[in-house]
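> below are the sequence and a predicted model for it; my questions follow.
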Amino acid sequence: MTAARTRSLSVLVIAFVMGGVTAAHAQDPCADYVPQPKPQNAGRDIVGQDFDQILEQGHMLFAVYDDYAPYSWQEGGKPKGVDIEIARMIADYIGVKAQFNFVMADENLDADLRNNVWKGPVVGGRVSNVMMRIPYDRQFKCRVEQVTFTGQYAAESIAIAYDKATYPEDKPVPAYFRYDAVGVENDSISDFYLTGMAGGQLGDNIHRYPDTLDAMEGLSAHEVSAVMGPISQLQFGSTDSIGIHQPPLAGFAVSKWTLGVAVHFAYKQLGYQVDDAIAEGLQNGRIAEIYAEYGLTHQMPVR
């Protein structure tokens, strides 16, 4: 699940940035901002994709990460996932149909936004009207002015899933993993956090998997005693024999973050409509219902 791995790495970058914020940045996160070039020669698929044309054509295109359960994936050729349903909710609010562009994650979030929102890939593909599941961060927002970051619809946070039989009373905390095996997604923020704990003393007990859902399968198979990762993915891969909790995580720069959407900077009206749709979905409980339909607990975002 390449998309999942890269998504975690994107959040890791944000964690490093926020962990090293200076006093000047605390007052003004854009203090050292250097203006970036605006798109000059927009691709043919960008021209005219404003709000009026979206209404006229009767559909809008959402970029979603491929093979990224429980958020977005394809099953039998049909789109599924939390982000798919939220995108459909947005399209319904605007009065059009949702179409989906399943994309593979690039090396970082900058490249994802360039390829899918404001410029387009070098070869093949196309830009989308809206890109889902974008980590929201004030420092990063300053540095990508070609994109409007809006529509914060959820928060994500790190948790620990554990085998109830192994821990019938005391729930595990990271210090337990000096002695007990723990699974993580390879190169994720959980991986980096545990690897750096206690001078590397946990290293031999950290089992790395291609993605968090694979790690959860390892937990069910008793390959590890616990798994650390985003709580939504832990919940999606959980069984009756698995518990999940969120203990204090000392020294974790960012164990919780806000998720929203990205829209091309030029299409302000579209951005407003998308944000209004999400605000309504948060207020009337529809977004929480969507999470619940996939067995997940919705966490309210900072807006």
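Okay, I see it.

> tell me the contacts of residue 190?
The contact partners of residue 190, taken as C-beta atoms under 8 Å, 6 or more residues apart in numbering, are 8, 158, 184, 228-229. Heads up, the C-betas are built off the backbone N, CA and C, glycines and all.

> how about a cut-off of 10 Å?
Neighbour list for residue 190: 8, 12, 158-160, 174, 182-184, 206, 212, 215, 227-230, 249, 252, 255 [criterion: C-beta atoms under 10 Å, 6 or more residues apart in numbering].

> likewise for residue 209?
Here residue 209 is in contact with 1, 183-186, 188, 191, 215-219, 223-224, 227, 229 (C-beta under 10 Å, 6+ apart).

> just residue 168 next, same as before
Neighbours of residue 168 in contact, by C-beta under 10 Å, 6+ apart: residue 243.

> check residue 291 too.
Residue 291 neighbours (C-beta under 10 Å, 6+ apart): 70, 82, 85-86, 153-154, 232, 235, 297-299.

> just give the number of residues close to residue 93.
17 (other C-beta atoms under 10 Å).

> from memory it sits against residue 287, does it?
No - counting by C-beta atoms under 10 Å, residue 93 stays clear of residue 287, with 11.9 Å between them.

> quickly list what's touching both of those two.
Joint contacts of residue 93 and residue 287 (C-beta under 10 Å, 6+ apart) are 278-281.

> could you dump these into a markdown table and include neighbour count, secondary structure and distance to residue 266?
What follows is the shared contacts of residue 93 and residue 287, written out as a markdown table (neighbours: other C-beta atoms under 10 Å; DSSP: H, G, I helix; E, B strand; the rest coil; distance: C-beta to C-beta, whole Å):
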| residue | neighbour count | secondary structure | distance to residue 266 |
| --- | --- | --- | --- |
| 278 | 25 | helix | 20 |
| 279 | 16 | helix | 22 |
| 280 | 14 | helix | 24 |
| 281 | 22 | helix | 25 |
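
> now stretch 225-244: buried residues?
Using 16 or more other C-beta atoms under 10 Å as the test for burial, stretch 225-244 gives 225-238, 242-244.

> ditto for stretch 173-186
Buried, per 16+ other C-beta under 10 Å, within stretch 173-186: 174, 176-177, 180-185.

> secondary structure for those - can I get that in CSV?
Shown next, in CSV, are those (DSSP: H, G, I helix; E, B strand; the rest coil):
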residue, secondary structure
174, helix
176, helix
177, helix
180, coil
181, coil
182, strand
183, strand
184, strand
185, strand
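
> need the max-distance pair from the residues you listed.
Using C-beta to C-beta, the buried residues of stretch 173-186 span at most 19.1 Å, a distance reached by 176 and 185.

> just to revisit the earlier point, buried among the contacts of residue 291? Need that as a selection in PyMOL.
Buried subset of the contacts of residue 291, written as a PyMOL selection, criterion 16+ other C-beta under 10 Å:
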select buried, resi 70+82+85+86+153+154+232+235+298+299
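
> nearest to residue 169 among the contacts of residue 291?
residue 235 (22.3 Å).

> residue 269: which of the buried residues of stretch 173-186 is nearest?
For these, the nearest to residue 269 is residue 185 (38.1 Å; C-beta to C-beta).

> gap between the closest one and residue 192?
11 Å (C-beta to C-beta, to the nearest Å).

> do the same with residue 161
Taken as C-beta to C-beta, the span from residue 161 to residue 192 is 18 Å.

> who's more crowded, these two?
Neighbour tally, residue 161 and residue 192, criterion other C-beta under 10 Å: the higher count belongs to residue 161, 28 against 16.

> just say helix, strand or coil for that one.
strand.

> surely it touches residue 226?
Yes - Residue 161 is in contact with residue 226 according to C-beta under 10 Å; the separation is 6.4 Å.

> any shared contact partners between the two?
With C-beta under 10 Å, 6+ apart, residue 161 and residue 226 have common neighbours 172, 182-183, 215, 219, 242-244.

> between these, which is nearest residue 62?
residue 215 (28.0 Å).

> checking that closest one next. Helix, strand or coil?
helix.

> show me where the stretch 101-250 of the chain has its strands.
Taking DSSP state E, counting those that start in this stretch, the strands of the stretch 101-250 of the chain run over residues 130-136, 147-163, 182-185, 206-209, 226-230, 242-245.

> name the residues of the longest one that are buried.
Along strand 147-163, the positions that meet the burial threshold by neighbour count (16+ other C-beta under 10 Å) are 147-156, 158-163.

> show me how far it is from its chain's centre.
6 Å (C-alpha atoms, centre = their mean, to the nearest Å).
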